[in-house]
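Peer 1: predicted model and sequence below, questions to follow.
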Amino acid sequence: VLRETLAGMQPLLCSEDMEVQERAHNATALLSLILRKLNPTDPALIDSEPVQNDVTDILVQHEQSNGFDKDIADEINGEEVSPSFSGGLIEEFASLFEGELKPVAPKAQKKVPMPPE
């Protein structure tokens, strides 16, 4: 899934729209970090710029990311957490999309140009 998504982002990195380029670059960088953590020798990463080991070493395991000790967190939640193949990266990535989106102000919405059809 990560490889397919990274491949699909490539055309967006050259978009005429700067906002599309920026979002595609941010998503590509995040997905590349995740893929590099899961499989540092993945062929999909060959074309991407090299990332120093200290950058990928900053990524912490999911159990450590919230500041709770894993044993304490299990006691608080009352659930047993099964270890996953990703070491918690997928769960951490999924948590980025939790919560509701806030509505856009009508004044700001008027400033967004209509896409050409």
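Peer 2: Cool, the structure landed.

Peer 1: mind giving me the domain ranges of the protein?
Peer 2: 1-49, 60-95 (automatic domain parsing).

Peer 1: tell me which element residue 20 falls in.
Peer 2: Assigned by DSSP states H and E, residue 20 belongs to helix 18-38.

Peer 1: which strands and helices sit next to that helix?
Peer 2: When contacts are defined as 3 or more CB pairs under 8 Å, 6 or more residues apart in numbering; DSSP states H and E, helix 18-38 sits against helix 2-9, helix 53-58, helix 89-95. All C-beta atoms are positioned from the backbone trio N, CA, C, and that covers glycine.

Peer 1: let's see 6 Å
Peer 2: Contacts defined by 3 or more CB pairs under 6 Å, 6 or more residues apart in numbering; DSSP states H and E place helix 18-38 against helix 2-9.

Peer 1: using PDB, write out every CA atom in the helix it packs on.
Peer 2: Extracted as PDB, the C-alpha positions of helix 2-9 are listed here (Å, rounded to 0.1, in the frame of the first residue of the first chain):
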ATOM      1  CA  LEU A   2       2.800   2.400   0.900                       C
ATOM      2  CA  ARG A   3       4.700   1.700  -2.400                       C
ATOM      3  CA  GLU A   4       1.500   2.200  -4.500                       C
ATOM      4  CA  THR A   5       0.700   5.500  -2.600                       C
ATOM      5  CA  LEU A   6       4.200   6.800  -3.100                       C
ATOM      6  CA  ALA A   7       4.100   5.900  -6.800                       C
ATOM      7  CA  GLY A   8       0.700   7.700  -7.100                       C
ATOM      8  CA  MET A   9       2.100  10.800  -5.400                       C
END
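
Peer 1: for it, which outside residues touch it?
Peer 2: 24, 28, 31, 35, 44 (CB atoms under 6 Å, 6 or more residues apart in numbering).

Peer 1: what about the closest residue in space to the first one that isn't next to it in sequence, how many residues nearby?
Peer 2: To tie it back to what came earlier, the one meant is residue 24. Computed as CB to CB, 6 or more residues apart in numbering, the closest residue to residue 24 that is not its neighbour in sequence is residue 12, at 3.6 Å. If you count neighbours by other CB atoms under 10 Å, residue 12 ends up with 15.
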